[in-house]
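Trainee: what would the 3D arrangement of this be:
(one chain, ligands or ions: 1)
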Amino acid sequence: MRKLVFVTLVSGIVGLSFSQMDSVESMKAMAMENMKRFMNMPSEKRKEYVKKKEEEAYERGKKLYNAYGCSGCHPGGGNVSGKVMGMPIPSLKGVKERFPKFKAGNDQVITLSDMVNNCIVMFANKKPLPLASRDMRALTYFVSKLR
Ligand code: HEC
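Mentor: Predicted coordinates:
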């Protein structure tokens, strides 16, 4: 019985570290593959590719910004007058320069993406977006371009 518990425990730990190893290796392989593909493009193509990817993110972010109703309080990245929950609504122009910073509601230093989630939860009454999701990256990209 003891032996069985020991074997299960050890193989469990070994299995875990193997599978973590696997995913680090596959993440590295994917990054190397992407870089190779990018570097193999002629330089003109590379510029176009970057532009296309950034425009895609911007458009996706803009759609999300409107879908979440961000524009109701921060129209065009500006602000409407009045207060919500006792707080004046700030303009978002140049907001990426103001993050990361401490926020009392989070009781810690947070990033711009965390702040976007704060507004999603507090004011849009929706579930937060996973930080490493394509949607969050696009929405943060769009917000960081407001000026
Ligand atoms: C009901 C009004 C309202 C809505 C809707 C709203 N916000 Fe806000 N937003 C605020 C208020 C109020 C603050 C200030 C909160 C604070 O300081 O903690 C704020 C702050 C922010 C900030 C930080 C600005 C700074 O300079 O510190 C960002 C970024 C932001 N909002 C993005 C968004 C995004 C993106 C959305 C849509 C997902 C959104 N907001 C929806 C009211 C709103």
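
Trainee: tell me the secondary structure for residue 56?
Mentor: helix (DSSP: H, G, I helix; E, B strand; the rest coil).

Trainee: that one: neighbour count?
Mentor: Residue 56 has 13 neighbours, counted by other CB atoms under 10 Å. All C-beta spots, glycine's among them, are computed from the backbone N, C-alpha and C.

Trainee: contact partners for it?
Mentor: residue 138 (CB atoms under 8 Å, 6 or more residues apart in numbering).

Trainee: need the pLDDT of it.
Mentor: At residue 56, the predicted lDDT confidence score is 98.

Trainee: if I look at it, how far off is residue 114?
Mentor: Between residue 56 and residue 114 the computed distance is 23 Å (CB to CB, to the nearest Å).

Trainee: for residue 133, same thing?
Mentor: Residue 133 is 13 Å from residue 114, where distance means CB to CB.

Trainee: do I have it right that residue 123 meets residue 71?
Mentor: No - using CB atoms under 8 Å as the test, residue 123 is too far from residue 71 to be in contact (11.9 Å).

Trainee: show me which of these two is the more surrounded one.
Mentor: residue 123 (18 against 15).

Trainee: OK, contacts around that one?
Mentor: 69, 73, 84.

Trainee: show me which of those neighbour the ligand.
Mentor: 69, 73, 84 (CB under 6 Å from any ligand atom).

Trainee: not counting its neighbours along the chain, what's nearest the last one?
Mentor: Looking back up the chat, that one is residue 84. residue 123 (6.3 Å; CB to CB, 6 or more residues apart in numbering).

Trainee: what do you get for the first one?
Mentor: Take residue 69 and drop its neighbours on the chain: the residue closest to it by CB to CB, 6+ apart is residue 124, 5.6 Å away.

Trainee: so that neighbour makes contact with residue 70?
Mentor: Yes - Residue 124 lies in contact with residue 70 (CB under 8 Å); the separation is 7.4 Å.

Trainee: excluding chain neighbours, what is closest to residue 136?
Mentor: Nearest non-adjacent residue to residue 136 (CB to CB, 6+ apart): residue 129, at 4.2 Å.

Trainee: how near is the one you found to residue 119?
Mentor: 11 Å.
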